[in-house]
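In: Generate coordinates for the sequence data below:
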Amino acid sequence: MASPASALFNVELVDLHLEAGSGQEAIQKLCDKLQCAGCLNDSRHFCQLVMAREAISSTALGSGIAFPHARTENVSSLVVAVGRCDHGIPFHENQPPVKLLFVIGTPPTLIHEYLNLVGRLARLLRNEKVRAGLLAASTPEEFVRVLTEST
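Out: The predicted structure follows:
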């Protein structure tokens, strides 16, 4: 049986070869991916909201993981784009490079669902075996399978 999270993770929104020189560049690339997939009304505005949220407090959690996000009318449902960078992306000065980046957009009406998703992902990604599986996945399909079978 598929997990409730499985519907949120689309293989077309997983970039296993994300290359970026900064967290801002990585976020922009994943926002563009959401725009191209028809998930956003305005990629530029959404990215600005995500970066404004990052300026308040980093969403990098340690262990090479970050959950940049924004609440916006730019999306009609909860959306997630994932990027993986094997060598890591410098995200913030005092934190290790990020290897797994989950850019999340949520409409203001779905805050409870957003908090549930982030909580599940944070708990899941604390598991070293799951992180290793995501970092080793060779295809977006395998990445999504590891993620959804673990939730």
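
In: P97 is in contact with H87, correct?
Out: Yes: when contacts are counted by Cβ atoms under 8 Å, H87 is listed as touching P97 (7.3 Å). For every residue, glycine as well, the C-beta is placed using N, CA and C.

In: Which one of those two is surrounded by more residues?
Out: P97 (15 against 7; other Cβ atoms under 10 Å).

In: For the more buried one, which non-adjacent residue is closest in space?
Out: Using Cβ to Cβ, 6 or more residues apart in numbering and skipping the chain neighbours, the partner closest in space to P97 is G88 (2.6 Å).

In: would you say the one you found is within a strand?
Out: Yes: counting by DSSP: H, G, I helix; E, B strand; the rest coil, G88 is found in a strand.

In: burial count for it?
Out: Counted with other Cβ under 10 Å, residues neighbouring G88 total 12.

In: Under the pLDDT cut-off, which ranges of this structure? List them.
Out: Applying pLDDT under 70 to the chain flags the ranges 1-7, 151.

In: Centre-most residue in it?
Out: Taking Cα atoms, centre = their mean, the centroid of the chain lies closest to F102, which sits 0.9 Å from it.
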